[in-house]
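1. For reference, the sequence and a predicted model appear below.
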Amino acid sequence: MPRSARLVTVVASWVCGLALVACDSGAVGGSGGSPGAAGVGDPYFPKAGNGGYDVTHYGLTLSYAPRGDRLTGTAVVTARATQDLSSFDLDLLGMKVEEVRVEGAGARFRRDGQELVVSPSETLADGETFEVRVRYAGSPVTITDADGSREGWLRTADGALALGEPTGSMAWFPGSHQPADKASYDVAVTVPKGLTAVSNGELRSRRTAPDGRTTFVWHTAEPMSSYAATLAIGRYTTTTSVMGDGLPAYVAVDPTQAAASRAVPARLPEVMAWAQDNFGPYPFSSVGAIVDRPQDAGYALETQNRPVFPGPPDMETFVHEIAHQWFGVSVTPRNWRDMWLSEGLATYAEWVWTEDEGGATAQETFTALYDHGVRTYEDLWDFPPGKPPGAAYISDSPVYQRGAMVIHRIRQALDDDDAFYDLLWGWAAAHRHGVAGTGDFTAFVEKRAPDVDFDDIWSDWLYGEGRPPRP
C-alpha cells in the first residue's frame with residue numbers, strides 16, 4: 001500500500017476512531033515498515049494465508065441465529081510480526097466488517113476480494129506480538145471448490161456446519177488461512193434454545209441464559225491449521241466418555257443418523273489403540289467425531305480432534321479420518337501440493353487396518369490397484385501424486401490411492417516391517433504439531449534407511465507420469 005503524508009495519516013486515524021467506520025484508504029499507519037504480503041504463494045491458492053506475521057492464537061466469540069442465517073462475531077487474533085509492518089492482510093470472504101482495532105487502537109481497513117487489509121495507527125515492529133480485534137456480522141458464504149465440492153459455511157436443516165479444507169475457514173472468521181500457520185483456539189458460540197455448538201478441542205463450559213440461549217466454550221491448546229477448524233451447530237445427540245488410557249472422547253451425532261451410527265463410532269477405543277500401535281502416541285488431548293446428515297457436506301473431513309462424517313461412516317472411512325490426526329492434522333502438509341502426504345498415508349492406514357482385520361493384505365490391495373486401477377479408479381494414472389496439475393485435482397485418486405502406493409513401495413524397499421513402522425513413528429514424532437513438505441519426507445526416508453535406493457520410487461511413483469513399471 002502506498003504511504004502518504006504523516007499529517008494525513010494521523011487525521012484519518014482520528015476520524016475513523018470517532019466514526020467507528022471503515023475508511024477505504026490506501027494510506028498506511030505510522031512511519032517506516034512495509035505491507036505484509038497478501039498471500040504466501042501456495043501453488044494452487046496463491047492468496048491464501050498472509051505474509052508479515054505468524055498467528056499464535058484465535059479467540060472467537062460468535063453468535064448464530066439459524067433463522068435468517070446470521071452470524072455475529074468478534075475475532076481476537078494474536079500474532080507475531082516477522083517484519084516491520086505498516087499494514088497486513090487477514091483472509092475473510094464475505095461478512096460485513098464493523099470495526100478493526102490493533103493493540104486497542106482503532107485501525108483503518110479496506111476490503112479487497114478475500115483480503116481484509118488493515119493499517120494500524122503505528123508501525124508494528126519485527127518480532128512484536130500484537131493483537132487484532134475484528135467485529136463482523138452477516139450471512140457466511142458457502143464456497144464451491146474447483147472440484148465442485150462445497151466448503152466454508154454450509155446451511156443444514158437445523159443449523160450450520162463449517163468446514164475449512166482447503167480455504168473455507170475464511171467464510172466464518174478472519175485469519176491467515178494457509179496450512180503452515182498454526183495456532184491455538186478458544187471458540188465461544190451462542191446458539192438458540194435446543195441447539196448444540198460443537199467445535200475442536202475440549203468443551204470448557206456450557207452456560208444457558210434465562211431466554212434459553214446457550215453458550216458453548218471450546219478450547220484447543222495444540223497448534224491447529226485453520227483448515228482443520230470446524231463448527232457444527234444443530235440438534236445433536238452428544239456422548240462424552242473417557243477411554244482406557246484416560247483420553248476424553250466427545251461424539252456428536254445428528255438424531256436422524258443415531259441408530260445407524262452406533263456400531264462404528266463405538267469402536268473408537270479399538271481404532272485409537274490400533275493407531276497408536278502403528279503410528280505412535282496420539283498427538284492431541286481429546287478425540288471424537290461429528291456425524292451429520294449425508295446431504296450436509298457429502299464428504300468426510302479430518303477436522304482436528306473431531307472428524308466430520310456425512311452420515312454413518314463405514315469402518316475404512318472411520319480409520320482413514322482417525323489416521324489423519326497423525327498425518328495431515330498433527331503433521332500438516334506445507335502447502336496444498338503436498339496433500340498426498342496427508343491423504344496417501346491415511347489411505348494406507350485403511351489398507352493396514354484391513355490387513356490386520358484379516359482381509360486383503362496391503363500387498364494384495366497394491367497389486368489389485370496396479371493391475372485393475374483403470375477399472376477401479378479411472379484417473380489413477382492421470383498424474384503423479386507429487387504433482388497434481390491444479391486445485392481441482394488435489395482430492396483425486398492419484399493423490400489418495402497412488403499416494404498410498406508410494407507408501408507401500410517404501411515398505412517393499414525396506415523389506416522389514418519393524419523398520420517401516422519405526423519410520424512412520426519417527427515421521428509423526430519428528431514433525432509433531434508442525435508442517436512438512438514432500439522434500440522433507442523423501443529426505444527423512446533416505447536418512448532413516450541410507451543403504452536403500454529409493455530413487456526409482458521417487459522418479460516413477462511419486463513424480464513419474466503414467467503407470468510405473470511393475471515393481
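-> Right, received. Where do you want to start?

2. Show me where the stretch 251-400 of the chain has its strands.
-> 287-292, 308-310, 332-333 (DSSP state E, counting those that start in this stretch).

3. so where do the helices sit in the stretch 151-300 of the chain?
-> 268-279, 294-297 (DSSP state H, counting those that start in this stretch).

4. Can you lay out those helices as TSV showing distance to residue 253, mean pLDDT and mean neighbour count?
-> C-beta: built from backbone N, CA, C; applies to glycine. TSV is the format used below for the helices of the stretch 151-300 of the chain (distance: least, C-beta to C-beta, whole Å; pLDDT from 0 to 100; neighbours: other C-beta atoms under 10 Å):
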stretch	distance to residue 253	mean pLDDT	mean neighbour count
helix 268-279	12	98	17
helix 294-297	13	96	17
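
5. Residue 142 is nearest to which of those helices?
-> When those are compared by C-beta to C-beta, helix 294-297 sits nearest residue 142, at 10.4 Å.

6. what sits against the closest residue to residue 203 other than its chain neighbours?
-> Distance criterion C-beta to C-beta, 6 or more residues apart in numbering; nearest residue to residue 203, sequence neighbours excluded, is residue 218 at 5.9 Å. Counting by C-beta atoms under 8 Å, 6 or more residues apart in numbering, residue 218 touches 185-189, 197-204.

7. Dig out what the nearest residue to residue 124 once chain neighbours are set aside forms beta bridges with.
-> Distances taken as C-beta to C-beta, 6+ apart put residue 85 closest to residue 124, at 4.1 Å, once the chain neighbours are dropped. For residue 85, the beta-bridge partners under DSSP bridges are residue 34, residue 124.

8. my guess is residue 85 contacts residue 127, does it?
-> No: using C-beta atoms under 8 Å, residue 85 makes no contact with residue 127, being 10.9 Å away.

9. Which one's more surrounded, those two?
-> Between residue 85 and residue 127, counting by other C-beta atoms under 10 Å, residue 85 is the more crowded of the two (29 against 10).

10. Need the pLDDT of the nearest residue to residue 181 once chain neighbours are set aside.
-> With C-beta to C-beta, 6+ apart as the criterion, residue 181 has its nearest non-adjacent residue at 5.4 Å, and that residue is residue 55. pLDDT recorded at residue 55 is 98.

11. now for the stretch of helix or strand residue 55 belongs to, which elements pack on it?
-> Element membership of residue 55 [criterion: DSSP states H and E] is strand 53-65. Contact here means 3 or more C-beta pairs under 8 Å, 6 or more residues apart in numbering; DSSP states H and E; on that basis strand 53-65 packs against strand 70-81, strand 183-191.

12. Partner strands of it and their direction?
-> Here, using DSSP bridges, strand 53-65 pairs with strand 70-81 (antiparallel), strand 183-191 (parallel).

13. buried set for the longest one?
-> If you call a residue buried by 16 or more other C-beta atoms under 10 Å, then strand 70-81 has these buried ones: 71, 72, 73, 74, 75, 77, 79, 81.

14. coming back round to it: with residue 151 as the reference, name the closest of the strands paired with strand 53-65.
-> strand 70-81 (15.9 Å).

15. circling back: for the contacts of residue 218, which entry has the maximal number of neighbours?
-> residue 199 (29 neighbours).

16. returning to what we had before: mind exporting the C-alpha coordinates of the strand holding residue 55 to CSV?
-> What follows is strand 53-65, C-alpha atoms only, in CSV (Å, rounded to 0.1, in the frame of the first residue of the first chain):
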residue,chain,number,x,y,z
TYR,A,53,3.2,-12.3,10.6
ASP,A,54,2.6,-15.6,12.3
VAL,A,55,-0.7,-16.2,14.2
THR,A,56,-0.3,-17.8,17.6
HIS,A,57,-3.9,-17.7,18.9
TYR,A,58,-7.5,-17.1,17.7
GLY,A,59,-10.1,-16.1,20.2
LEU,A,60,-13.6,-16.2,18.6
THR,A,61,-16.8,-15.0,20.2
LEU,A,62,-19.7,-15.9,18.0
SER,A,63,-23.5,-15.9,18.0
TYR,A,64,-25.6,-17.6,15.3
ALA,A,65,-29.3,-17.4,14.5
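
17. Just the buried positions in it, please.
-> Going by 16+ other C-beta under 10 Å, strand 53-65 has these buried residues: 53, 54, 55, 57, 58, 59, 60, 61, 62, 63, 64.

18. Turn those residues into a markdown table, columns for distance to residue 42.
-> Listed next are the buried residues of strand 53-65 as a markdown table, based on distance: C-beta to C-beta, whole Å:
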| residue | distance to residue 42 |
| --- | --- |
| 53 | 17 |
| 54 | 16 |
| 55 | 16 |
| 57 | 23 |
| 58 | 20 |
| 59 | 26 |
| 60 | 24 |
| 61 | 29 |
| 62 | 27 |
| 63 | 32 |
| 64 | 29 |
